[in-house]
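A.B. asks: sequence plus predicted model, see below.
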Amino acid sequence: MAALVLGALAGCSGDSGGKPDPTAGATHKAAAPVRLPVPDGFATETGWSTSASPEATDVEPGSSGFPLVAIAPKSGLVIQAAADGSRVRAFSLASGKTVWTFTPKALTGVRAGVFVQESKAGEKVVLARQGKTSGSGLSTSRRTTTIDVITADSASKATAAHHLDLAAPDDTATSFTATDSGILVGPVTDGVHEKAVAIDAATGAEHTVQKTSVTVSGCASGSCSVQASPAFATSQGIVSAFQQQDGCDQWAEGGTPCTYGFQVGDAWTSTSVAPSGMHVGVPLAVTGPYLVAAWHTSDTQTDPPALADPKKTILAVHDLSTGKIKAQVSCTSADALTLQPGSAQSSTHLSPNGDFLVSGQVGFDLSTGRGHCFTSTASTKGIDLTAVADDGTAYGIVHVVDDTEATSLYGRLPIAQDGTDAPEHDSARVSLRSGTAKALPAASEVPVYVASDGHGVFRTRDVVAVYPGS
């Protein structure tokens with residue numbers, strides 16, 4: 001089961017239980033619940049809530065951004081960071097009781113994100129911050145990126161098991177690219193890094209990864225030499241994406257197709273597992289023991305891979321260690337959504353029992369190997385899935401395309417941005433067993449996590465609320 005990082009949904013909270021203080025962040029004590037408008041099946045009269053802060057946006061929509069809330073499912077914790085990164089608090093998911101707090105060394109001008117990662121040694125909470133040192137005494141202020149790793153089962157006053165201080169050049173924008181099993185720190189463009197620092201949360205070890213020349217077998221033209229760029233980290237190693245430039249038809253004029261693919265550490269390469277006739281493979285996300293990839297036929301070099309209509313795209317769940325396909329479905333989309341390495345990471349989750357998986361606008365029943373598309377057509381809107389329960393019931397928000405780059409990126413959930421002009425989203429409930437979808441009442445919030453015991457975690461711009469199942 002995968003640890004969850006929650007890119008918070010842009011919604012408005014209800015006020016029937018009292019208006020939360022959006023500036024309090026993780027310092028606010030969990031209290032009687034704010035009663036949000038949620039789907040039936042959750043008891044809003046009980047449970048708990050705490051105030052939350054809006055999240056900072058990243059200049060690069062292909063990064064993991066700066067989420068302030070995450071779930072440690074095995075530890076049964078809701079993790080919340082203050083917007084300024086000055087404190088992290090772990091709440092019991094079931095009761096709302098504060099289990100531990102962590103106070104890092106102070107920085108100024110901070111943008112912070114909190115992530116949960118799994119390892120053989122248990123769940124780790126990662127506080128990633130960008131900011132400046134204080135410059136006190138004889139020391140001058142400088143830009144820095146800090147990583148603090150806290151064990152999820154820490155005592156009440158938690159300390160960092162590992163602390164990393166990474167120099168941050170003044171002329172370079174640094175991003176975090178996080179999965180449930182690793183984090184890359186460095187500039188990111190179109191979902192990949194030229195160069196980044198890879199961090200192992202279990203050990204605190206860091207090492208540099210960068211674009212490298214590799215020879216890939218199984219290209220449409222046979223073996224091909226490509227430049228492979230790091231996209232994200234997994235338990236099987238770094239996933240690197242590549243695009244063939246030579247020895248192929250770059251303009252899709254009937255010649256040998258160019259291969260667009262990826263490699264997973266030293267474990268396997270996309271060309272060895274690609275569905276027949278599919279020369280384009282995009283690694284969208286990883287969760288637990290699975291990697292989700294998109295596949296379709298070759299495009300011209302000037303066209304980024306996209307989930308569009310009428311050209312069908314295969315969305316597949318691969319065994320992370322072998323590449324074997326566990327489930328797949330063929331989809332189209334009227335929205336022409338760009339497929340980018342890591343673009344669906346924020347929306348890719350397993351159900352707690354591991355039987356179901358959601359990723360972007362598709363959902364899979366892993367026990368049957370079947371998938372269902374919840375993409376847009378000429379008459380229906382797409383649904384960006386946010387969470388899935390053990391019975392295969394999943395929830396999502398109706399996809400809205402505007403003039404921003406982020407909304408044209410497949411699998412990217414909207415975040416809880418600052419300000420009051422962020423639009424409300426329609427929402428839906430779907431079944432991953434039958435593939436049916438049903439619109440929820442207007443203004444309904446949807447969960448970002450549903451625990452095995454039925455508790456649902458909800459996140460808006462100014463509140464985190466947890467309600468038991470009813």
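C.D. replies: In hand now; what should we look at?
A.B. asks: secondary structure class for the most far-flung residue of the chain relative to its centre?
C.D. replies: Residue farthest from the centre of the chain, counting by CA atoms, centre = their mean, is residue 138 at 40.8 Å. Judged by DSSP: H, G, I helix; E, B strand; the rest coil, the three-state class of residue 138 is coil.
A.B. asks: next one: residue 202
C.D. replies: Secondary structure state of residue 202, per three-state DSSP, is coil.
A.B. asks: excluding chain neighbours, what is closest to it?
C.D. replies: residue 119 (3.7 Å; CB to CB, 6 or more residues apart in numbering). For the C-beta atoms, the positions are set from N, CA and C on the backbone; glycine is no exception.
A.B. asks: residues in contact with residue 256?
C.D. replies: Counting by CB atoms under 8 Å, 6 or more residues apart in numbering, residue 256 makes contact with 220, 221, 247, 248, 249.
A.B. asks: and the host helix or strand of residue 126, which strands flank it?
C.D. replies: In the assignment (DSSP states H and E), residue 126 maps to strand 124-132. Note on strand 124-132: by DSSP bridges, its sheet partners are strand 108-117 (antiparallel), strand 143-151 (antiparallel).
A.B. asks: now tabulate these in CSV and tack on mean neighbour count.
C.D. replies: Shown next, in CSV, are the strands paired with strand 124-132 (neighbours: other CB atoms under 10 Å):
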stretch, mean neighbour count
strand 108-117, 22
strand 143-151, 21
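A.B. asks: turn those strands into a markdown table, including distance to residue 349 and mean pLDDT.
C.D. replies: Listed next are the strands paired with strand 124-132 as a markdown table, based on distance: least, CB to CB, whole Å; pLDDT from 0 to 100:
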| stretch | distance to residue 349 | mean pLDDT |
| --- | --- | --- |
| strand 108-117 | 12 | 94 |
| strand 143-151 | 22 | 95 |
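A.B. asks: for residue 237, find the nearest of these.
C.D. replies: Set against residue 237 and scored by CB to CB, those come closest in strand 108-117, at 15.0 Å.
A.B. asks: run the chain-centre distance for the closest one.
C.D. replies: Its chain's C-alpha centre and that of strand 108-117 lie 15 Å apart, by CA atoms, centre = their mean, to the nearest Å.
A.B. asks: measure stretch 237-252 end to end?
C.D. replies: 33 Å (CA to CA, to the nearest Å).
A.B. asks: how about stretch 74-92?
C.D. replies: Span of stretch 74-92 from end to end, CA to CA: 11 Å.
A.B. asks: mean confidence score for it?
C.D. replies: Throughout stretch 74-92, pLDDT has a mean value of 97.
A.B. asks: quick check, distance from that stretch to the centre of its chain.
C.D. replies: Offset of stretch 74-92 from its chain centre (CA atoms, centre = their mean): 17 Å.
A.B. asks: surely residue 124 and residue 148 touch.
C.D. replies: No - at 10.3 Å, residue 124 does not count as touching residue 148 under the criterion of CB atoms under 8 Å.
A.B. asks: pick out the lowest-pLDDT one from the contacts of residue 256.
C.D. replies: Across the set of the contacts of residue 256, residue 221 stands lowest in pLDDT, at 74.
A.B. asks: about what we covered before: okay, the residue farthest from the centre of the chain: pLDDT?
C.D. replies: pLDDT, residue 138: 74.
A.B. asks: distance check, it against residue 106.
C.D. replies: Noted for residue 138: a distance of 18 Å to residue 106, by CB to CB, to the nearest Å.
A.B. asks: same question, residue 147
C.D. replies: In terms of CB to CB, residue 147 sits 16 Å off from residue 106.
A.B. asks: near residue 173, how many other residues are there?
C.D. replies: Using other CB atoms under 10 Å as the criterion, residue 173 is surrounded by 14 other residues.
A.B. asks: now swap in residue 372 and tell me
C.D. replies: Here the number of neighbours of residue 372 (other CB under 10 Å) works out to 23.
A.B. asks: how about the contacts made by residue 378?
C.D. replies: residue 334.
A.B. asks: helix, strand, or coil at it?
C.D. replies: Under three-state DSSP, the three-state class of residue 378 is coil.
A.B. asks: next, it: phi, psi?
C.D. replies: Phi and psi for residue 378, reported as degrees, to the nearest 10, are phi -60, psi -20.
A.B. asks: residue 139 now?
C.D. replies: The phi/psi pair for residue 139 (degrees, to the nearest 10) is phi -80, psi 140.
A.B. asks: shouldn't residue 228 be in contact with residue 241?
C.D. replies: Yes - using CB under 8 Å, residue 228 makes contact with residue 241 at a distance of 6.9 Å.
A.B. asks: wait, the residue nearest to residue 202 touches residue 205, no?
C.D. replies: No - judged on CB under 8 Å, residue 119 makes no contact with residue 205 at a distance of 11.8 Å.
A.B. asks: so what pLDDT did residue 27 get?
C.D. replies: 42.
A.B. asks: what about the residue nearest to residue 93 when sequence neighbours are not counted, neighbour count?
C.D. replies: Nearest residue to residue 93, sequence neighbours excluded (CB to CB, 6+ apart): residue 76, at 4.9 Å. Burial of residue 76 is recorded as 19 neighbouring residues (other CB under 10 Å).
A.B. asks: ok, residue 76 touching residue 90?
C.D. replies: No - if you go by CB under 8 Å, residue 76 and residue 90 don't touch, sitting 9.9 Å apart.
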